[in-house]
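Enquirer: sequence and predicted structure below; questions after.
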Amino acid sequence: MLRTALQYSHQLLSDCINTGDYVIDATIGNGNDTLFLAELVGETGKVYGFDIQQTAVDKTEKRLQQNNMIQQTSLSLLSHEHVDQVIQPKTVISAAVFNLGYLPRGDKSVTTKPQTTITAIKKILPLLKSGGRIVLVVYDGHAEGKVEKDALLSFVRQLPQEDFSVLYYAFLNQRNHPPSVIAIEKKPSPVV
């Protein structure tokens, strides 16, 4: 059976994250991905989490504490476009995940924006290890989501194929705009 966008995103992340790695949850929301990433990196790794809503940070912190995973996380009440204010430039990142759109069961007028998401991607790409991935789960069932999806697809199509592989995963015959996945994988540097 084909995996849902969320299931597939977790598979893409699991395949490139090891114990002790550093990773990013660019939109922590209710903390589901943050917890998933914290389990993957273990006590010796680090999850850097970002969100612009205090509710999201509070819910995520509570979920992590309940599961004894708070020690390997660093949560910031900050837009993901400012990852460089938290993560040092020489930090090697194995993966980053974005769940775009709005906070589930939250204020639907507060959504991710294409310009901040693309800025964040541009800042994360140089930090990615060889084989590292940025995984974006794109919810386009609302007006801002459609704009963001179009902008992201336009942006990732322009990434140089010598440096990155880009994948797009979507269900084409389902109602209610199921989310899609965009994955960017950093290719190994050529041997000189």
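Expert: Thanks, I have the structure now.
Enquirer: tell me how far I134 lies from L159.
Expert: 10 Å (C-beta to C-beta, to the nearest Å). The C-beta positions use only the backbone N, C-alpha and C, and glycine is treated the same way.
Enquirer: quick one, which of the two is more surrounded?
Expert: I134 (25 against 15; other C-beta atoms under 10 Å).
Enquirer: isn't that one up against V83?
Expert: No - using C-beta atoms under 8 Å, I134 makes no contact with V83, being 11.3 Å away.
Enquirer: what touches both of these two?
Expert: Contact criterion C-beta atoms under 8 Å, 6 or more residues apart in numbering; residues shared by I134 and V83: I124.
Enquirer: report the rounded mean pLDDT for whichever strand in the chain runs longest.
Expert: Counting residues, the longest strand found in the chain (DSSP state E) is strand 128-138. Throughout strand 128-138, pLDDT has a mean value of 97.
Enquirer: check stretch 146-158 too.
Expert: On average, stretch 146-158 scores 95.
Enquirer: how about stretch 14-32?
Expert: 97.
Enquirer: show me what counts as buried in it.
Expert: Neighbour counts over stretch 14-32 (16 or more other C-beta atoms under 10 Å) mark 16-17, 21-32 as buried.
Enquirer: keep only those of those residues that are in strands.
Expert: Using DSSP E, those in strands are Y22, V23, I24, D25.
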